[in-house]
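**Q** Make a model of this:
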Amino acid sequence: MPPSFFIAMKSTISLILNIFVRCARVCDASYIGETGRRFGFRLGEHRKDTERQEEKKFTRSERKQSESQINKSAITYHAMQENHVIDWENSKVLDRENHLLKRQIKEAIWIRRSGAVLNRDEGAHRLSHIYDQLLCLCIVAVPITSDTDITPESFLSLQEQVQTLLVAFQSQQQTIEHLERRIEEVETENLELKLSDDGAARASVGFSASLSTTVALGDSQTIMFDTIISNDGNGYDSRHGHFTAPITGLYAFSVTVMCHGSESNLHTSIVKDGQIIGKCFANGYSSDNGSKLVVVQLQAGQMVWVEHAVDPSGYKIYGDEYSSFSGFLVQAY
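**A** Model prediction:
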């Protein structure tokens, strides 16, 4: 059975793809990740990065610098260290998901279920280990089809597996319900602690981040404003470009985007959990910039981010701190 890499991708629709690897010895390792770029574009990035390192000849100092760059890509590092050849042509789609949070949960499930993975973390979403037993049982369970020969012994075994699965599921449901109640209690206690005697909220939540470098954007790509100016409450994640509300309340968000030279118009959107709540436009024929301010209610845990609207891929947003994303808590509930 050939070893494989699995990658979760996002375009207009999100994909999970399978990248095969040929090697001299058995390798069951896999790589799983999610991105805002299209399948072909992201796959091409992995391929170019790997092949560039394979073909390049280095001086001693260049080799040391190259090893630092390789370490940034788990796929390239594995291919170089193990001398594995990646079978790019046989890559295939395994799953699809539009919603950002659902896609990140699927990514975490794939990582957990795959066992031996090259990933250096458990994904963008931290999946609780209380689901491990349930995921393990889902892998073991055998689907019954019209072509399957069912003996009394195998049927009894399947019944026992189903019963065990149901018991585990009910146990997990009870644990989840208990944790949800406890989360609500903690959130209430936390908010009460942040309120002064006269009822004025003392909670401090706000962030401001800018874009350091010019970026070519794909369709519906999340824009990651990587230079953090302020981040009270630690709600903004520069790694993924989204803000997560630490407490329930009324929030204000603003975005400013600048076109790169006179190449193209630039359409961007402020998005709340997959729903567009504001749009921003910049005229690319005069290095124009556009701004948008929205005020919106958020429940604790909901996310807001800025993404490129449906335009031809490759349009660029100007960096050098000209483009920015900010937000703050107006009133806690």
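
**Q** other SSEs contacting the helix or strand harbouring residue 43?
**A** Element membership for residue 43, per DSSP states H and E: helix 39-55. Under the contact criterion of 3 or more CB pairs under 8 Å, 6 or more residues apart in numbering; DSSP states H and E, helix 39-55 touches strand 4-10, strand 14-22, helix 60-70, helix 74-82, strand 85-96. C-beta here means a position set from N, CA and C on the backbone, and glycine is covered the same way.

**Q** pLDDT averaged over the fourth one, what's the number?
**A** I take that to be helix 74-82. Mean per-residue pLDDT for helix 74-82: 77.

**Q** what's the angle from that helix to helix 39-55?
**A** 30 degrees (axes from the mean of the first three to the mean of the last three CA atoms, to 10 degrees).

**Q** In this structure residue 50 contacts residue 86, no?
**A** Yes: counting by CB atoms under 8 Å, residue 50 does reach residue 86; the two are 6.2 Å apart.

**Q** Name the residues contacting each of these two.
**A** Common neighbours of residue 50 and residue 86 (criterion: CB atoms under 8 Å, 6 or more residues apart in numbering): 75, 79.

**Q** And the strands in the stretch 151-300 of the chain, which stretches?
**A** 206-210, 215-217, 227-232, 236-237, 242-244, 249-258, 266-272, 275-282, 289-298 (DSSP state E, counting those that start in this stretch).

**Q** Which neighbouring elements make contact with the shortest one?
**A** Right, strand 236-237. strand 242-244.

**Q** list the helices and strands the strand it packs on packs on?
**A** Contact here means 3+ CB pairs under 8 Å, 6+ apart; on that basis strand 242-244 packs against strand 236-237, strand 303-308.

**Q** And the last one, what's buried?
**A** For strand 303-308, burial by neighbour count (16 or more other CB atoms under 10 Å) applies to 303, 304, 305, 306, 307, 308.

**Q** So which elements touch it?
**A** helix 100-114, strand 242-244, strand 249-258, strand 266-272.

**Q** Now with 6 Å, please.
**A** Contacts defined by 3 or more CB pairs under 6 Å, 6 or more residues apart in numbering; DSSP states H and E place strand 303-308 against strand 242-244, strand 266-272.

**Q** Export those as a markdown table, with columns for mean neighbour count and distance to residue 333.
**A** Output for the helices and strands packed on strand 303-308, formatted as a markdown table (neighbours: other CB atoms under 10 Å; distance: least, CB to CB, whole Å):
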| stretch | mean neighbour count | distance to residue 333 |
| --- | --- | --- |
| strand 242-244 | 22 | 16 |
| strand 266-272 | 22 | 16 |
